[in-house]
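Novice: Fold the following and give me the result.
(one chain, ligands or ions: 1)
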Amino acid sequence: MSGVLCTLVIAELAQGRPSKLTCELLGLARNLAGTTGGAVAAALLASHTDGIASELIAHGADRVYAIEHPMFGSYHSESWVGAAAQICKDAAPGAVLIGHTVSGADLAPRLAFRLGTAVAMGCEGVSFVADKLAFTRPCFGGNARQTVSFKTAPAVATVRAGCYDAPAPDRERRGEVTPLEQPLGEEALRVKVIERRRDADDGARLEEAAIVVAGGRGLNGPEGFRLLERLAATLGAAVGASRVPCDLGWCPRSWQIGLTGRTVQPDLYIAVGISGAGHHMAGCGGAKAIVAVNTDREAAIFKDARFGVVGDYRQFVPALIEEVRKLLGD
Ligand SMILES: Cc1cc2nc3c(=O)[nH]c(=O)nc-3n(C[C@H](O)[C@H](O)[C@H](O)COP(=O)(O)OP(=O)(O)OC[C@H]3O[C@@H](n4cnc5c(N)ncnc54)[C@H](O)[C@@H]3O)c2cc1C
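Specialist: Coordinates of the predicted model:
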């Protein structure tokens, strides 16, 4: 497996299984392999790899490079970059695809630097243009798209969640697993993580959620989020936010959706008290349907919304919760 034809996906795990985004990237890599006749490899860095390699193969990997080490129980820049660079040496990929998550966005530029190549961050599309891999990403605050290709190899890119469908797993698929040693001993790491603290709700479900309820400055305070949490619980949704409430400490930073936050592409996105700035829409514009609740009928979000409610969320949201509960027979 070598040269431009191999696409390497760096796997991320969610609850000990390949994340939805990782499966989407494997689907994308398979599409690219279909065009070039190339292969798909996955890098698996985990404290326990049991059963995960076969999941990656079922989702499209031909070969899994697996490094099992307690160090990979959670993300750590140095050890992940070292291990990913080692795998790239073995796999010699033409492209390295990484999820555009908090850790993926940390890893990709470091890995590109280590490999002496460039990086395209936050891509929404990867295709072939004139026989060259081309990466499309938002620019100018999400108001325009640019398509870039690489003069150096491999092409390292982070890809946003929800841009590609994850193929249904094929449990009959066969692939190879190449176990590798962790290249860096703990003593070689220059940064030691002393403590990790998770937000009570760190928004981990956001990218995976079919319904997202997001609040903005229009909530006027943290108590507005308690109401959105009730709506989310009724709908089985995840809660997100625009940047302003995160900056103001009304909700965890990890809830931020947008250009400098997370990217979600749920079936339904309910934006409450959010004006619809380009920076925000860059993270949710791909939702199948947007419902906007806003007191200002001129708010930009109504241009993107399939359904709009002009009104005060404090009246509308409780009424919506009541109606949904009635429909659900609660
Ligand atoms: C480099 C850069 C990166 C950025 N990245 C991001 C990002 O990742 N994500 C992000 O969100 N922003 C980001 N921003 C900020 C972005 O430009 C906007 O400032 C921000 O999205 C606005 O947040 P908002 O819609 O909550 O607030 P506002 O624009 O103030 O909108 C609040 C809305 O609430 C409505 N409202 C008020 N009261 C009520 C009520 N009672 N009921 C219903 N509606 C009500 C108002 O009519 C208004 O439309 C970024 C900015 C920069 C410069």
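
Novice: can we go C-alpha only for contacts and neighbour counts from here?
Specialist: Will do.

Novice: Domain-wise, how is this protein divided?
Specialist: Following automatic domain parsing, the chain resolves into domains at 3-188, 206-328.

Novice: now the ones you listed in a markdown table, with distance to the ligand and mean pLDDT?
Specialist: Output for these, formatted as a markdown table (distance: least, Cα to the nearest ligand atom, whole Å; pLDDT from 0 to 100):
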| stretch | distance to the ligand | mean pLDDT |
| --- | --- | --- |
| domain 3-188 | 7 | 93 |
| domain 206-328 | 3 | 95 |
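
Novice: Can you lay out the ones you listed as CSV showing distance to Arg197?
Specialist: Below are the domains of the chain laid out as CSV (distance: least, Cα to Cα, whole Å):
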stretch, distance to Arg197
domain 3-188, 12
domain 206-328, 12
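
Novice: got those domains as TSV, with mean neighbour count and distance to Glu195 columns?
Specialist: What follows is these, written out as TSV (neighbours: other Cα atoms under 10 Å; distance: least, Cα to Cα, whole Å):
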stretch	mean neighbour count	distance to Glu195
domain 3-188	19	12
domain 206-328	20	18
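
Novice: Please, where are all the strands along the stretch 151-300 of the chain?
Specialist: Ranges of strands in the stretch 151-300 of the chain, per DSSP state E, counting those that start in this stretch, are 155-159, 176-179, 211-215, 238-241, 268-272, 289-294.

Novice: Could I get the full set of helices for this protein?
Specialist: With helices called from DSSP state H, the chain shows them at 20-36, 52-58, 77-91, 102-115, 223-235, 243-247, 278-281, 301-304, 313-328.

Novice: can you tell which of those is closest to Thr7?
Specialist: Closest approach to Thr7 among the helices of the chain (Cα to Cα): helix 20-36, 6.0 Å.

Novice: Provide the angle between the direction of that closest one and the direction of strand 155-159.
Specialist: Helix 20-36 and strand 155-159 are oriented at 140 degrees to each other (axes from the mean of the first three to the mean of the last three Cα atoms, to 10 degrees).

Novice: now for helix 20-36, which elements pack on it?
Specialist: Packing partners of helix 20-36 (3 or more Cα pairs under 8 Å, 6 or more residues apart in numbering; DSSP states H and E): strand 6-10, strand 39-46, strand 95-99.

Novice: Within its sheet, name the partner strands of the longest one and how each one runs.
Specialist: Think strand 39-46. Applying DSSP bridges, strand 39-46 is found paired with strand 6-10 (parallel), strand 63-68 (parallel).

Novice: now that strand: how far from the chain's centre is it?
Specialist: 17 Å (Cα atoms, centre = their mean, to the nearest Å).

Novice: cool, and stretch 61-76?
Specialist: How far stretch 61-76 lies from its chain's middle: 18 Å, per Cα atoms, centre = their mean.

Novice: what sits up against that stretch?
Specialist: Stretch 61-76 has contacts (Cα atoms under 8 Å, 6 or more residues apart in numbering) with 26, 30, 39-49, 53, 56-57, 79-80, 83, 87, 103, 174-182, 186.
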